[in-house]
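Chemist: the sequence and its predicted three-dimensional model are supplied below.
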Amino acid sequence: MKNQTEPDWKNDTNLDDSGNSESLWMISYLDTFTLLLVFFVLITIITGKQMNLTEAEKRELTSSFTGEEHVRYPLQELLLDLNLLLESEKEAGRVIITSDENELRLQFPGSSFFLSGEANVLPNGKAILEKIVGVTHRLKHYPFKIDVEGHADNRPINSSVFPSNWELSAARAANIVKSFIESGYDPKRLKASGYGDTFPLKPNEDILGNPIPENLDLNRRVVIRLYF
C-alpha cells in the first residue's frame, strides 16, 4: 500500500502523452544555451584582447627579420627571432632553445662564454648576449625578465678566486647579468643563480667512478631563462 505522506513526483510535473516530463527539454535547452553563452563570452574576451593591441605593440610583434605582418604572442615572437639570430650557434650545437607557454630557455655550453675555471665573459659570449638584448629591447612593451643560471660539473675547483664550484657558477651567472646591464637592460628584471654541480643533465662519472668527458662538457653550462 502506498504511503500517503510520500510525495508523488508525477503530480509535481506535467506529463506528455509518452509519459515524459515536459520540463526536461527546457532544462536541456537552458543548459545548452548557458554553455553557448559562456563560449561566446570567452571568444569575445580573447579576440578583444588581440584587437585592443596598440599599433606600436602590433608592429613589435611583427618579425623584423622575416617581415611577416601578423600578431603573435610575445614569447612566440621572441622564439622566432632568436631561432633566426642564433641559427649558426644552433647548427654548431652551441645552443639549445626550448620554450613553453610561460618561458623561453637558452642553454649554452660554458665554453661559449668562459675559459675553463674563469668567470670573465668572452667576446663571443658578449656578442651572443647583444643579440638577445636587441630582440628584447625591440619588444619594449613586454618587459621580459631574465634569470641566468650557472652550472658546473663535479670536478673540484679550489683556486684563490673560487673556492668551490658554487662560487664559480654564481660568478659566471653574475657576470652575464652585468653584461645585460651594460647593454642597457633594466637591473630590476635580472637575476643571477649559481647551482654548482647540483643539477647535472647527465652523470659526470660512470659506474666505476671514471669521469665521462662528454657529460662533463654538457653539465658545464649556462641557461638563460626569459619569462614574464
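Modeler: Received, thanks.

Chemist: give me the domain ranges for the protein.
Modeler: Domain assignment for the chain by automatic domain parsing gives 9-51, 73-227.

Chemist: what strand or helix carries the spatially closest residue to residue 187 that is not a sequence neighbour?
Modeler: Of all residues not flanking residue 187 in the chain, residue 181 sits nearest, at 5.4 Å (CB to CB, 6 or more residues apart in numbering). Heads up, the C-betas are built off the backbone N, CA and C, glycines and all. Assessed by DSSP states H and E, residue 181 sits inside helix 165-182.

Chemist: quick one: contacts of that helix?
Modeler: Here helix 165-182 makes contact (CB atoms under 8 Å, 6 or more residues apart in numbering) with 110, 113-114, 117, 119-121, 125-126, 129, 133, 146, 148-157, 161-162, 187, 190-197, 222, 224.

Chemist: need the mean per-residue confidence for that helix.
Modeler: For helix 165-182, mean pLDDT is 96.

Chemist: re earlier: highest mean neighbour count out of the domains of the chain?
Modeler: Mean neighbour counts were taken over those using mean count of other CB atoms under 10 Å, and the top value, a mean of 16, falls to domain 73-227.

Chemist: can you tell me the centre-most residue of the chain?
Modeler: Nearest to the mean C-alpha position of the chain, by CA atoms, centre = their mean, lies residue 103 at 1.1 Å.

Chemist: what bridges to it?
Modeler: Applying DSSP bridges to residue 103 gives these bridge partners: residue 227.

Chemist: that one reaches residue 224, doesn't it?
Modeler: No - if you go by CB atoms under 8 Å, residue 103 and residue 224 don't touch, sitting 10.4 Å apart.
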